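>>> Sequence first, then the predicted structure:
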Amino acid sequence: MRLDALLARAAERLARSGSASPRLDAEVLLCHVLGVDRTWLYTWGDRPATTYARARFEALVAARAAGHPVAYLTGMREFWGLALATSRHTLIPRPDTETLVELLLELAPEPSGRLLDLGTGTGAIALAFASERPGWEALGVDRVPEAVALAESNAHRLGIANASFSLSDWFVALADERFTLIAANPPYIDAQDPHLAQGDVRFEPSSALVAADAGLADLRHLVERGMAHLLPGGWLALEHGHEQAAAVRNLLEDSGYTAVASRRDLGGHERVTYGRRPRQR
């Protein structure tokens, strides 16, 4: 069977299974099997698929049709132009989180400083920021050892030397360290949210998704503890659910942060909220 025919059949199957991007999913999976990019597929789609490649591809398509995330099937996800290795121990980096990276870069005009990325997972936020600010030091922490190892591996493979990673449950292992910027994409989904039974999140670690108190527990903890780890004038920036911006703004204001505001994501939802530690505090 020709590659283009194989792709078309796979896209049809994925569309029937409910994939939101069946053709793209099929192309990414076939590129992974063949070790090529999508341009190659468009150019050489009339080539025949080998028996081995077809078998591997069809097995991946079957897994995707059953709901398994493409990022877990290929072991990779692009974020901020960086090819990040993924694993089932971490949340899959999403385009909306690039909103947080964009904000952090705006808040970091100085040639040097320190960024802390809490719950770093694949290292996506720390690595994206560090790749754009080579004079800064980026530290990513996570309570899951496999996540720390994965982030370190991503940094090494990408050659981003100004990002490092260590084991810590939020601020626990950081003693009295202080930072210019603190960022996090913490768990913020309520345990009763019906979306947890849909799409890719069914296969992602619940510890990276679900928080108590209608999804606000970890956000509240980071707001309350963050001030002590910020340098005077430093910023705390948090990703959250699209209906939580007002609540997070209130948390920041009640804890004494100034210049509190929210930033909208690609879909127009308030996705990131941030505030500043007063210089005199």
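Nice, thanks for sending it over. Numbering: from 1, shown residues only.
>>> What residue spans form the domains of the protein?
Residue ranges of the domains in the chain are recorded as 3-67, 76-276, according to automatic domain parsing.
>>> Go through the protein and flag its longest strand.
Counting residues, the longest strand found in the chain (DSSP state E) is strand 230-239.
>>> Checking my notes, A212 in a helix, right?
No: counting by DSSP: H, G, I helix; E, B strand; the rest coil, A212 is not part of a helix but coil.
>>> Quick one: residues contacting D176.
A228 (CB atoms under 8 Å, 6 or more residues apart in numbering). For the C-beta atoms, the positions are set from N, CA and C on the backbone; glycine is no exception.
>>> try 10 Å
Counting by CB atoms under 10 Å, 6 or more residues apart in numbering, D176 touches 228-229.
>>> Tell me the buried residues in the helix or strand hosting A149?
Assigned by DSSP states H and E, A149 falls within helix 145-158. Neighbour-count burial for helix 145-158 flags 147-148, 150-155, 158 (criterion: 16 or more other CB atoms under 10 Å).
>>> Neighbours of A163, how many?
For A163, the neighbour count with other CB atoms under 10 Å is 27.
>>> and what of R16?
R16, neighbours per other CB under 10 Å, totals 10.
>>> how about the nearest residue to it once chain neighbours are set aside, what does it touch?
Closest residue in space to R16, ignoring its immediate chain neighbours: A65 at 7.9 Å, by CB to CB, 6 or more residues apart in numbering. Neighbouring residues of A65 by CB under 10 Å, 6+ apart: 10, 13-19, 22, 25.
>>> So which of these is the closest to N250?
G18 (37.2 Å; CB to CB).
>>> does that closest one really touch G199, like I thought?
Yes: with contact defined as CB atoms under 10 Å, G18 and G199 form a contacting pair (8.8 Å).
>>> Settle it for me: which of the two has more neighbours?
Neighbours around G18 and G199, counted as other CB under 10 Å, are more numerous at G199. The numbers are 14 against 11.
>>> All the strands of this protein, residue numbers only.
Using DSSP E, strands in the chain cover 76-79, 82-85, 114-118, 137-142, 163-167, 179-184, 230-239, 258-264, 270-276.
>>> List the buried residues in the second one.
Within strand 82-85, the residues that qualify as buried are 82, 84-85, counting by 16+ other CB under 10 Å.
>>> of those residues, closest to A53?
So of the buried residues of strand 82-85, ranked by how close each gets to A53 (CB to CB), first place is A85, at 22.2 Å.
>>> List the residues that contact the closest one.
So A85 contacts 71, 74-77, 122-123, 150-151, 153-154, 157-158 (CB under 10 Å, 6+ apart).
>>> What score does it have for pLDDT?
We note a pLDDT of 97 for A85 in this prediction.
>>> A214 now?
88.
>>> and the closest residue to it other than its chain neighbours, what is it in contact with?
Closest residue to A214 apart from its sequence neighbours, by CB to CB, 6+ apart: D190 at 4.9 Å. D190 makes contact with 196, 209-216, 241, 244 under the criterion CB under 10 Å, 6+ apart.
>>> Distance check, L181 against D200.
In this view, L181 and D200 are 28 Å apart by CB to CB, to the nearest Å.
>>> more crowded one of these two?
Taking other CB under 10 Å, L181 and D200 do not tie; L181 has more neighbours (25 against 15).
>>> Without its sequence neighbours, what residue ends up closest to the more buried one?
Nearest residue to L181, sequence neighbours excluded (CB to CB, 6+ apart): L115, at 4.6 Å.
>>> Who are the contact partners of P93?
P93 neighbours (CB under 10 Å, 6+ apart): 71, 77-80, 82, 84, 86, 121-125, 127-128, 185.
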